[in-house]
Every structure is written in structure tokens, then in C-alpha cells.
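Asks: starting from these lines, generate the structure:
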Amino acid sequence: MDSREISFQKIGVLVLAGVVLAGSAGCGRRVARKTSIRDAVKKEVLGKEKDDPTPMTVTGSNSAFTVDNKQGQRVLQAKLKGMEGSMVPGQGVQGAVKMKGVDALLYDKGKPSMNMTMPTATWLNKQLIAEQTAHGVSADKTTELDAQKATWTSEGNIIDMEQSKVQGMKAGKVDFTAEGPQAHVQDRWVTMNSGARTHNESGQQMTADHMRWQLDTGQLLADGNVMVQEEGTRISGPKLNGNTKLRKGRFTGRTQVRMKSDRFAKKK
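Replies: Okay, here's the model as predicted:
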């Protein structure tokens, strides 16, 4: 995927001002005016293609931004309140595209994967980078993401987040929540290697140094100072293999159980 595969709805954003000025002429005349301006600008750009390789600044409001890969598969489709980028005639978009008011549909292997909204974002080097919060909902509505910062890498459909929260949904309601300073999401696995805190709607809570969670099956693997609390009972140990959908788990290694009475039971 190179810059020439990126389209700002063809040349539409370049003619936005002309379209707005023609808006008062009525629906039928507005469409005709938009087409004629677009053709004129396109002709001008193509005419300069051979003679003037100087980058041009492209700006727009209430525009669309799409990316396809070399196989013609859709990678990204976004609605934007504003955008700014640079393009070279005959070569396409160059460098970063800065966006505002982003409502983006992310694709994986040509199929919709997640809808992500961000107040601002940058598209650069096959990555969508959100520096001021991001909220995502999976295409099947089973997963929601929130982060203070997020980067989506289109190759591999990978999401890296800071100050992150990942929620598993069931019948439109939150079923399980995992939070951590950092999260890596790939192949439907959530990995938190800088500490993780989780809870479900039954009141069970868990903390661990490291955690991996499979979003489809619910499998959860935690290790490093793992502690589970529920109704006054606290269980701690080095490793936990559990399932968030079945709400069951098994500790391995030296495990300690503390009951409400503060009596201890240990088992190897």
C-alpha cells in the first residue's frame, strides 16, 4: 500500500469551497456545479502532473478518506470533520494526513473489523494514530475499547493502546472489563504486560502483572502476583488459567487463600 492508493473521495475535497458556494442554487444545479468544478480541478492537476512535481496542500471539511491495499481490498474508510495533507500530482498523498472529528471503519483482510471514533488522528505509514482518546466498537458488537492514546496498524490489524480499557459485551451489556496502562490487541487476543485489573458483573476482581485474554473464547491467562477477590475471599498465586465466559479458573504454583476470618490455608 503506497500513497497513490489513498483517495480523498477522488478530487472532491479540493472543490469543497466551490460546492458550498453553489449550494444555494438547488439540488439539481448543485450536483451539476460540483461535477463541473471537480472535472476542472482534476484536469488542472493532471495537466501539471508531468511538469510540476511540487507537493500541494490538500484541506477539506466534512469529507471522506479511504485507503485500499494493492489487492484492491478496503483498509480504512473514514468520515472527517476536517483534514489536511500533502499530495504530489501523479503520485498521490505524501506523508501524514491530519484529521479532526474522525469516525473510521477499520478493515481486516477486506472485511469490517472495528468502528473507531477519535477527536483527532493522523494517518501515516499504514498506521492510524490517535493522540487524544479513542473509542472503538468491534463490527460484531462484542468488544469495546477505550484509550487515552491508540495506534492501529493496518498490516496485521493490530491495536496498541495507552491507559486502556477493553470490555467484553454480552447482549449489549458489559460482561467483563480489563484495564491497564498498556494493551496490545492482535488476532483477538488482548495482552497487558504492564499490569492488569479486571472485573466482571458478578463482582469478581483480579489483578496481575501480566495478562492475556482471548476475546472470542474468553480464555484468560494471568501470571505474576495474581490475586482474585470475591465476596470477602482473596486467592493469590503465581499463575491463573481461567475463562471469563465460564467464570472459572485454576491457580497453579503455591497458592494462598484468605477468608473473611483472616485464617490462612496454603496448598502446593
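
Asks: can you show me the helices along this structure?
Replies: All helices of the chain, identified by DSSP state H, fall at 16-21, 27-48.

Asks: for those helices, which has the smallest mean pLDDT value?
Replies: In terms of mean pLDDT, the lowest-scoring of these is helix 16-21 (a mean of 31).

Asks: so what touches stretch 192-208?
Replies: Here stretch 192-208 makes contact (CB atoms under 8 Å, 6 or more residues apart in numbering) with 164, 173-184, 209-213, 220, 222-231, 240, 244, 247. C-beta coordinates here come from the backbone N, C-alpha and C atoms, glycine included.

Asks: how about it: buried residues?
Replies: Using 16 or more other CB atoms under 10 Å as the test for burial, stretch 192-208 gives Met192, Gly195, Ala196, Thr198, His199, Asn200, Gln204, Met206, Thr207, Ala208.

Asks: starting at the chain centroid, how far to it?
Replies: Its chain's C-alpha centre and that of stretch 192-208 lie 22 Å apart, by CA atoms, centre = their mean, to the nearest Å.

Asks: try stretch 230-246
Replies: Distance, centroid of stretch 230-246 to centroid of chain: 29 Å (CA atoms, centre = their mean).

Asks: pLDDT (mean, whole number) over that stretch?
Replies: Per-residue scores along stretch 230-246 average to 95.

Asks: who's in contact with that stretch?
Replies: If you take CB under 8 Å, 6+ apart as the criterion, stretch 230-246 is touched by 168, 175-176, 198, 200, 202-206, 208, 213, 217-229, 248-260.

Asks: for PyMOL, write the select line for the buried members of those.
Replies: To isolate the buried members of these in PyMOL, using 16+ other CB under 10 Å:
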select buried, resi 168+175+176+198+200+204+206+208+213+218+219+220+221+222+223+226+227+228+229+249+251+255+257+258
